[in-house]
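1. Pasting a predicted model and its sequence here:
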Amino acid sequence: MTDATAPRPIRKAVFPVAGLGTRFLPATKAIPKEMLPIIDRPLIQYAVDEAREAGIEQLIFVTGRGKTSIVEHFDTAYELESTMNGRGKSLEVLEPTRIQPGNLVTVRQQVPMGLGHAIWCARAIVGDEPFAIFLPDELMIGEPGCMKQMVEAYNQVGGNLISVLEVPEEEVSSYGVIAPGAKISDTLTEVTGLVEKPKREDAPSNLIISGRYILQPEVMRTLEGQGKGAGGEIQLTDAMARMIGTQPFHAVTFAGRRYDCGSKLGFVEATLALALERPDMADDTREMARRLLGL
Ligand code: G1P
């Protein structure tokens, strides 16, 4: 028997990947930024792994011009596989790139008009069910992963959830910021307001939205016809802010590590940190870092 009061399961995830990646030019002139690798996996792979760990079945990529290689990455590469087979090499390394047929859908965002607009482009595929959003720039490493932690919280409180983390006050103006309300538990807080990229003095807290969301489908209707917000873009944060009061909204403090791979320094940090964690690389990486630092 199913529990009629249980929140509806999160089966779909939207990955907005249409951005131009200008911060990484010229590297991203012909390669999507989501395909830049942290060691031996492109950024998008980390987000997809996190989604699957959380039980998500359908992946919806909101893409744009020049992003075909993201979809290719999750396709079967016959020539590569038959060559590897012929050489007796294991195909296990390709396992994370395999998607069940029919479970990867792409929609196109023709013009970059902001995150809210990108999400709205997926409305027909999302349909009338709650869904997750992953911003692949934000690399979240945890056991379990960030989205699995969020799904666990969602199963308790339902509604809408955002992952948040604390940043130094001087950084708040680069992010969406929450106004925290009542604390439900150590990791779960009610959200009473949201502002996209506020000035430091106007920020309601130093808790920022860190690129993972579980939202109810009403957000699509809220985005419909919404005007431009911060930076002249249609902002997801503005749509969520308008939903507060009509639906439950909570923030989950992620227990794990987060690397902002939208910045060059964050990218280097993620590469080093993950190399230091990998049993096959940790010792050599530590030795290399010591040598480079002259220690
Ligand atoms: C987006 C969101 C912002 C969030 C951030 C996380 O901003 O609009 O609310 O805090 O991602 O990385 P963007 O980085 O696209 O400017």
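-> Great, that's in hand.
2. Who are the contact partners of the closest residue to Cys121 other than its chain neighbours?
-> Of all residues not flanking Cys121 in the chain, Gln109 sits nearest, at 4.7 Å (C-beta to C-beta, 6 or more residues apart in numbering). For glycine as for every other residue, the C-beta is placed from the backbone atoms N, C-alpha and C. Residues in contact with Gln109 (C-beta atoms under 8 Å, 6 or more residues apart in numbering) are Pro16, Ala18, Val62, Thr63, Gly64, His117, Ala118, Cys121.
3. can I get these in CSV with distance to the ligand?
-> As requested, the contacts of Gln109 are exported to CSV (distance: C-beta to the nearest ligand atom, whole Å):
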residue, distance to the ligand
Pro16, 8
Ala18, 11
Val62, 13
Thr63, 16
Gly64, 14
His117, 11
Ala118, 9
Cys121, 15
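4. If we only consider these, which is nearest to Pro26?
-> Nearest to Pro26, judged by C-beta to C-beta, of the contacts of Gln109 is Gly64 at 18.3 Å.
5. any idea how far the ligand is from the residue nearest to Cys121?
-> Per C-beta to the nearest ligand atom, to the nearest Å, Gln109 is found 13 Å from the ligand.
6. before we move on, the earlier item: please narrow the contacts of Gln109 to those residing in strands.
-> Per DSSP state E, strands hold the following members of the contacts of Gln109: Pro16, Val62, Thr63.
7. give me the beta-bridge partners of the first one?
-> In this structure, Pro16 has beta-bridge partners Val62, where bridges are defined by DSSP bridges.
8. And it, how far from Leu115?
-> As for Pro16, its distance to Leu115 is 6 Å (criterion: C-beta to C-beta, to the nearest Å).
9. Overlap of the contact sets of these two?
-> Leu135.
10. Save the ones in strands among the contacts of Gln109 as JSON lines, and put in pLDDT and neighbour count too.
-> Listed next are these as JSON lines, based on pLDDT from 0 to 100; neighbours: other C-beta atoms under 10 Å:
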{"residue": "Pro16", "pLDDT": "98", "neighbour count": "27"}
{"residue": "Val62", "pLDDT": "98", "neighbour count": "25"}
{"residue": "Thr63", "pLDDT": "96", "neighbour count": "22"}
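11. Fine, thanks again, bye for now.
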